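Trainee: dropping the sequence and predicted coords here.
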Amino acid sequence: MGRETGPTAEPLAMTSESPIPPVFVPKLTRPSDVAALLQTRGIRPNRVMGQNFLIDANILRILVEAAEIGPTDTVLEVGPGLGVLTAPLIQLSAGVVAIEKDAGLHAYLSDCFKDDAR
């Protein structure tokens, strides 16, 4: 997956019992990281759209494990935001259909995942 420069990518920590392979996600673990990325892209969060951004790696791990996604599954992700959940979904599934209404976030996601055909 191609990633634009900005926040560094780090492996998502998984437990040794986890069947989920390590995935690389933008380091967006603090509100200031998210704010900086949004500012560099000229994106302003829209309260009307209810935009919230996942910044807790533990919650991300829990969501991914609870979804029990397999290699033959196709995933529909509504409102992928900055793609923090999208990255592991792509890695674990046959494909992801991500629907993003915000034009700025859509452009960011297109840049991030342009090298992944799924």
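Mentor: Great, that's in hand.
Trainee: show me the contacts for E77.
Mentor: For E77, the contacting residues are L85, T86, L89, V96, V97, A98, I99, by CB atoms under 8 Å, 6 or more residues apart in numbering. Any C-beta I mention is one placed from the backbone N, CA and C, and that applies to glycine too.
Trainee: who's in contact with the fourth one?
Mentor: Taking CB under 8 Å, 6+ apart as the contact definition, V96 lies against T74, V75, L76, E77, T86, L89, I90, R118.
Trainee: mind saving the C-alpha coords of the host helix or strand of A107 as PDB?
Mentor: Using DSSP states H and E, A107 maps to helix 103-112. C-alpha atoms of helix 103-112 as PDB (Å, rounded to 0.1, in the frame of the first residue of the first chain):
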ATOM      1  CA  ALA A 103     -14.200  15.000  -0.700                       C
ATOM      2  CA  GLY A 104     -11.000  15.800   1.200                       C
ATOM      3  CA  LEU A 105     -10.900  12.500   3.000                       C
ATOM      4  CA  HIS A 106     -11.800  10.700  -0.200                       C
ATOM      5  CA  ALA A 107      -8.800  12.200  -1.900                       C
ATOM      6  CA  TYR A 108      -6.500  11.300   1.100                       C
ATOM      7  CA  LEU A 109      -7.700   7.700   1.000                       C
ATOM      8  CA  SER A 110      -7.300   7.500  -2.700                       C
ATOM      9  CA  ASP A 111      -3.700   8.600  -2.200                       C
ATOM     10  CA  CYS A 112      -3.100   6.200   0.600                       C
END
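Trainee: fine by me, thanks again.
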